[in-house]
Structure formats: C-alpha cells, structure tokens
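Colleague: Any chance you could fold what I've pasted below:
(one chain, ligands or ions: 1)
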Amino acid sequence: MFELTNRVAIVTGSGSAKGIGREIALTLSRQGAAVVIADINIEGVQDTVDVIKEETGGQVLGVQLDVTSKESVDAMVEVVLKEFGRLDILVNNAGISQKVTVEDMTLDDIKRIFNVNMFGLFLCSQATAKVMKEQKYGRIINLSSVSGKRGGGVFGGAHYSASKAAVLGFSKNMAREVAQDGITVNSVAPGLINTEIWKSLPKEQADGIIANIPAGRPGETKEIAATIAFLASEEAAYINGEDIDINGGQHMD
Ligand SMILES: NC(=O)c1ccc[n+]([C@@H]2O[C@H](COP(=O)([O-])OP(=O)(O)OC[C@H]3O[C@@H](n4cnc5c(N)ncnc54)[C@H](O)[C@@H]3O)[C@@H](O)[C@H]2O)c1
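Modeller: Numbering: from 1, shown residues only. Below is the predicted model:
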C-alpha cells in the first residue's frame with residue numbers, strides 16, 4: 001500500500017537541513033518515487049541530494065529553483081521531464097515567515113511573504129498541472145499551517161497566517177477544476193513542528209506553548225511526511241480538496 005514506485009515527485013523547499021521538505025523527499029524516496037530536490041539554496045539542494053543517495057539509494061535530481069520566478073519554475077519542469085519523462089507529484093513546501101506585528105508591518109513585508117507562500121505555490125501548481133493533465137494523473141499537496149486557520153503569532157505575523165489561509169482556498173478551488181483529469185489537490189496544516197526554529201525557542205516559552213497542545217509535544221517532520229506520502233499515493237485518489245490538520249489536537253476543525 002501507498003507505493004510510489006515509478007512516480008516522479010517534486011518537493012519545493014527541500015534544501016533545508018532540518019526542514020520538513022527534506023523529510024518529505026526522504027519519505028517519498030523510501031516509498032519508491034524518483035524525487036526532485038528543488039530549492040533556492042543550491043548548497044542545501046546538493047546536501048539533500050547526497051542524503052537521499054546515501055539513505056535510500058533512490059533516483060534523485062537536484063534543481064535550483066526560485067518559486068517566485070515563472071522562468072525558474074518552467075525551467076525546472078523542463079529539466080524534470082527531460083530527466084524522467086513524467087511528473088506525478090508536486091509538494092509545495094517552500095515557505096518563508098517573519099515575526100512582526102501588523103502595526104510594524106510594511107506592504108513590502110506582505111508582498112515578500114505572499115510572493116513565496118502563495119504566488120510561488122501558484123506558479124509551481126500551474127506549470128506542473130499542465131503536465132499532469134496530459135498524463136491524466138497527478139497529486140498536488142500544499143503546505144498550509146495551523147496559523148492559516150486560527151492565527152499564529154509564535155514564528156509568523158498576520159501576513160504569514162493570511163498567506164497560509166490563502167493556500168486553503170486556492171487548493172480547494174483548484175481541486176474542483178482538475179478533478180476530472182485524475183489530479184487531486186490537497187493541503188496539510190501542520191502545527192508547531194520540531195525544526196530548527198522550534199529548538200531556538202527559550203525553554204519557558206516552549207513549555208508555555210506545549211501546555212496548549214493536547215499531545216504535549218511539538219510534531220515531528222516525519223509525521224508531516226507520512227501524511228503527505230499517503231496523499232501522494234494512488235490509494236488517496238478519492239480525497240480531493242481536503243485539508244489535513246497535523247497538530248497534536250492544538251486546533252480541530
Ligand atoms: N516548521 C513548522 O513548525 C511549520 C508549521 C506549519 C507550517 N510550516 C510550513 O512548512 C513548510 C516548510 O517549513 P520548514 O519549517 O521546514 O521551513 P524551512 O525554512 O526549514 O525550509 C523552507 C525552505 O524553503 C526554501 N525557500 C525559501 N524561499 C524559496 C524560494 N523563493 N524558492 C524556492 N525555495 C525557497 C528555503 O531555502 C528553505 O530550504 C513551509 O511552507 C512552512 O510555512 C512549517
């Protein structure tokens with residue numbers, strides 16, 4: 001079950017050493033997919049490629065990608081098709097955040113956050129869906145956040161929450177448009193995950209946050225990756241336009 005053999009998966013933002021994207025790429029590779037490591041950080045890309053080669057031995061391709069540039073996104077799709085001849089799964093994981101109050105926020109701050117978290121996700125989804133439509137098969141999985149549902153405040157400002165709420169509406173609308181082409185578009189909304197940024201919190205602050213998480217701990221990147229591997233599988237064909245909360249019970253829809 002949930003095998004991804006012969007599938008080709010792009011994971012954006014997978015160059016971060018302790019990030020969610022690398023774990024997603026590793027998990028999809030373990031399930032048999034050929035994975036494309038796409039990130040603006042080229043050293044990070046190479047590092048993740050090396051980790052995948054060492055840990056899974058699966059097929060892997062590294063590409064420098066700026067999700068905010070249509071030229072960069074189109075070039076990536078071209079390289080992927082040249083290398084693998086198909087493209088089945090897109091995980092829109094690249095994302096940025098900024099902790100700032102609305103009072104102190106500038107319009108440029110908002111544009112910068114939306115440019116990556118929402119407009120970049122749009123460019124990648126549009127370019128890959130064209131290929132998926134021809135294949136009559138595709139899986140697009142978008143990273144939203146608990147912040148997009150109930151506000152955040154720990155690591156991000158209102159612009160981050162707004163961008164992640166936008167991801168939810170975009171995913172549902174696109175899911176309706178492409179359903180007849182064998183493509184599903186879903187999202188996941190992680191709560192606080194045990195990444196570098198979490199580890200940077202002072203203990204008292206971390207304890208205060210944990211006190212409000214029923215599971216009593218932050219999430220692990222593996223827990224996000226496992227859900228995404230499921231949504232990326234053939235078996236999840238009848239799940240479309242859904243958002244899955246992965247937050248230890250911190251927020252329940
Ligand atoms: N960490 C959490 O607790 C948490 C919680 C909820 C949602 N999320 C979401 O999950 C995703 C991954 O988060 P993370 O904590 O692993 O982040 P991270 O900062 O570790 O990784 C993000 C990656 O995106 C890349 N990136 C940034 N701008 C880019 C661009 N223009 N083009 C291509 N790549 C770009 C970065 O280089 C980086 O490698 C993000 O979308 C984030 O908003 C994270």
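Colleague: Residue of the stretch 51-200 of the chain nearest the ligand, please.
Modeller: residue 95 (2.2 Å; CB to the nearest ligand atom). Using the backbone N, CA and C atoms, a C-beta is placed for each residue, glycine as well.
Colleague: Just the pLDDT for residue 197.
Modeller: At residue 197, the model reports a pLDDT of 88.
Colleague: which residue sits closest to it, ignoring its sequence neighbours?
Modeller: residue 155 (5.7 Å; CB to CB, 6 or more residues apart in numbering).
Colleague: What's the separation between the one you found and residue 127?
Modeller: Note on residue 155: its distance to residue 127, by CB to CB, to the nearest Å, is 29 Å.
Colleague: likewise residue 227?
Modeller: The gap separating residue 227 from residue 127 is 24 Å, by CB to CB.
Colleague: How about the contacts made by the residue nearest to residue 197?
Modeller: 97, 99, 197 (CB atoms under 8 Å, 6 or more residues apart in numbering).
Colleague: Can you add neighbour count, distance to residue 171 and secondary structure and give these back as CSV?
Modeller: Putting the contacts of residue 155 into CSV (neighbours: other CB atoms under 10 Å; distance: CB to CB, whole Å; DSSP: H, G, I helix; E, B strand; the rest coil) gives the following:
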residue, neighbour count, distance to residue 171, secondary structure
97, 21, 19, coil
99, 12, 25, coil
197, 15, 24, helix
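Colleague: restrict those to those near the ligand?
Modeller: residue 197 (CB under 6 Å from any ligand atom).
Colleague: Distance to residue 252 for the contacts of residue 155 - can I get that in CSV?
Modeller: Below are those laid out as CSV (distance: CB to CB, whole Å):
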residue, distance to residue 252
97, 23
99, 25
197, 24
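Colleague: about what we covered before: for the residue of the stretch 51-200 of the chain closest to the ligand, which non-adjacent residue is closest in space?
Modeller: Residue 95's closest residue in space is residue 117 (CB to CB, 6+ apart), at 5.1 Å.
Colleague: Can you report how many residues neighbour that neighbour?
Modeller: Residues lying near residue 117 (other CB atoms under 10 Å) number 28.
Colleague: can you give me the helices in the stretch 151-253 of the chain?
Modeller: 158-178, 196-199, 203-210, 221-231 (DSSP state H, counting those that start in this stretch).
Colleague: Mean neighbour count, those: which tops it?
Modeller: Ranked by mean neighbour count, the helices of the stretch 151-253 of the chain are led by helix 221-231 with a mean of 21 (mean count of other CB atoms under 10 Å).
Colleague: Test my guess that residue 59 contacts residue 37.
Modeller: No - taking contacts as CB atoms under 8 Å, residue 59 lies outside contact range of residue 37: 11.4 Å.
Colleague: Quick check: phi and psi on the residue most central in space within the chain?
Modeller: Centroid-nearest residue in the chain: residue 93, 2.2 Å away (criterion: CA atoms, centre = their mean). The phi/psi pair for residue 93 (degrees, to the nearest 10) reads phi -110, psi -20.
Colleague: ok, now which ones touch it?
Modeller: Contacts of residue 93 by CB under 8 Å, 6+ apart are 11-14, 19-21, 24, 143.
Colleague: Just the CA trace of the helix or strand of the chain with the lowest mean pLDDT, in CSV.
Modeller: Least confident helix or strand of the chain, by mean pLDDT, DSSP states H and E, is helix 196-199 with a mean of 89. Extracted as CSV, the C-alpha positions of helix 196-199 are listed here (Å, rounded to 0.1, in the frame of the first residue of the first chain):
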residue,chain,number,x,y,z
GLU,A,196,15.5,24.4,14.0
ILE,A,197,13.2,27.3,14.6
TRP,A,198,11.4,25.4,17.4
LYS,A,199,14.7,24.5,19.0
